[in-house]
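1. Predicted structure and sequence below. I'll ask about it afterward.
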Amino acid sequence: MSTARPDVKRVRSDQDHSKKSTKDNEDKRQKSESKDDEEKEENKDVDWLNEQPFRANESWESWTTVWRQSCWCGKVAFVYNADPLQAKICHCEDCQRLHGAPFQHAAVFKKEMVRLDSDPEWLGFLSAHGEVHPLSKTPTPIPHKISCRACGSPLMDQGNNMIMAFPPTFEWPRTNKEVEEGNSKAGDKDAGEQEKKEDSHAAGGEGHKRNGKWERPGLPDVFKPQCHIFYERRVVDVADGLVKWRGHKDTEKMEDNQR
Ligand SMILES: [Zn+2]
Ligand SMILES: [Zn+2]
């Protein structure tokens, strides 16, 4: 049984960037409901954990980690073998509520760039577009939000081809002290070839390092957003010089403090 989303919420969603996904999703759901029992039988054999972006049982042999992402309690982690393709900030109300934050900062990756680096037991799936499918241990309809069921930290939104991961949950040094500690750790690793091997999928973050050393604390350049979307709905003005779109990307541009 699914829970119907309150009407007021549905109206808001119809105006935001989830509109297309919601419609696609509803079309798919209607199709799948018509042959519900048939599909349930089929799905028994689908091991979603072995598919991207989880790849739970694949060998680590040819994998190189560039970035590592983890939740607040550490029970859920993903690793990435490349930098994101782009990043943006979304000020829509869905993002505000789902994150309990003024806006959502998301970086786009292809699913093949990602894999799970933790016990799948703690993965949580929430389809938060259109009809609500309550937080589940197994995938709910796409698009869905993936979080840690233990601490609740949201980690990424999964779409059909891409994932949008949240840069604040990535591991990079926040302070000068963390830069020093990270660099002395990296030095220790280089000393022992054996240890290096064992740690072959530990976080690298080469995109923010020079000669294997962190250069400075703070958000790595590759995660910096290129624009703001749904800026009209914002909680705070952001005077960062980036393009502000009133709604979706390529709609109407806004000034930092314009209403
Ligand atoms: Zn957690
Ligand atoms: Zn949003």
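-> Looks like it came in fine. Numbers count the residues shown, from 1 in each chain. Ligands and ions are numbered 1, 2, ... in the order given.

2. what sits against the residue in the stretch 151-259 of the chain positioned nearest to ligand 1?
-> At 3.2 Å from ligand 1, Cys151 is the closest residue in the stretch 151-259 of the chain, using Cβ to the ion. From N, CA and C alone the C-beta is placed, and that goes for glycine too. Contact analysis of Cys151 by Cβ atoms under 8 Å, 6 or more residues apart in numbering lists Cys71, Trp72, Cys73, Lys75.

3. how many neighbours does Arg259 have?
-> Residues lying near Arg259 (other Cβ atoms under 10 Å) number 7.

4. repeat for Lys137
-> Neighbourhood size, Lys137 [other Cβ under 10 Å]: 11.

5. thought it was touching Asp119?
-> No: using Cβ atoms under 8 Å, Lys137 is not in contact with Asp119, being 11.9 Å away.

6. Tell me if I am right that Glu112 is in a helix.
-> Yes: under DSSP: H, G, I helix; E, B strand; the rest coil, Glu112 falls within a helix.

7. and it, how far is that from Ser147?
-> Using Cβ to Cβ, to the nearest Å, Glu112 is found at 22 Å from Ser147.

8. Kindly report the same for Leu123.
-> Applying Cβ to Cβ, the value for Leu123 to Ser147 is 8 Å.

9. Name the residues contacting each of these two.
-> Common neighbours of Leu123 and Ser147, counting by Cβ under 8 Å, 6+ apart, are Val76.

10. any weak-confidence spans in the stretch 51-200 of the chain?
-> Flagging of the stretch 51-200 of the chain using pLDDT under 70 yields the residue ranges 189-200.

11. Which positions in the stretch 1-150 of the chain make contact with ligand 1?
-> Neighbours of ligand 1 within the stretch 1-150 of the chain, by Cβ under 5 Å from the ion: Cys71, Cys73, Lys75, Cys148, Ala150.
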